[in-house]
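[1] Below is the sequence, then the predicted model.
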Amino acid sequence: MNGDPIKSFGLVIKEIRKSQGLSQESLATEANLDRAFISQVENGHKQPSLLTIFRLADALKLSVSELLKQVEAVLAGN
């Protein structure tokens, strides 16, 4: 595994959010989280809990496994 999983997770969340045309505020509302927390996750400053990962995946209309598969791809350098 190459890289930091927390930063990679944040990068994936940010990329998916932007590709779906969502603001941090709208993602936060959809996931029942605070916008500042979304920013901290995206910037690799906060490690999300398992519940938060499920909420984010649901808000982004992805399965948790698909979300984590994308994180693994970033970690592998793909």
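    Cool, the structure landed.

[2] Can you report how many residues lie near residue 19?
    9 (other C-beta atoms under 10 Å). In this view, the C-beta of every residue, glycine as well, is placed from N, C-alpha and C.

[3] name the helices or strands packed onto the biggest helix by length in the chain?
    For the chain, the helix with the greatest residue count under DSSP state H is helix 5-19. Counting contacts by 3 or more C-beta pairs under 8 Å, 6 or more residues apart in numbering; DSSP states H and E, helix 5-19 packs against helix 24-31, helix 35-42, helix 64-75.

[4] As TSV, those helices with mean neighbour count and mean pLDDT would be great.
    Formatted as TSV, the helices and strands packed on helix 5-19 follow (neighbours: other C-beta atoms under 10 Å; pLDDT from 0 to 100):
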stretch	mean neighbour count	mean pLDDT
helix 24-31	17	98
helix 35-42	18	98
helix 64-75	15	97
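
[5] I'd like those as a markdown table, with distance to residue 48 appended.
    Converted to a markdown table, the helices and strands packed on helix 5-19 look like this (distance: least, C-beta to C-beta, whole Å):
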| stretch | distance to residue 48 |
| --- | --- |
| helix 24-31 | 10 |
| helix 35-42 | 6 |
| helix 64-75 | 11 |
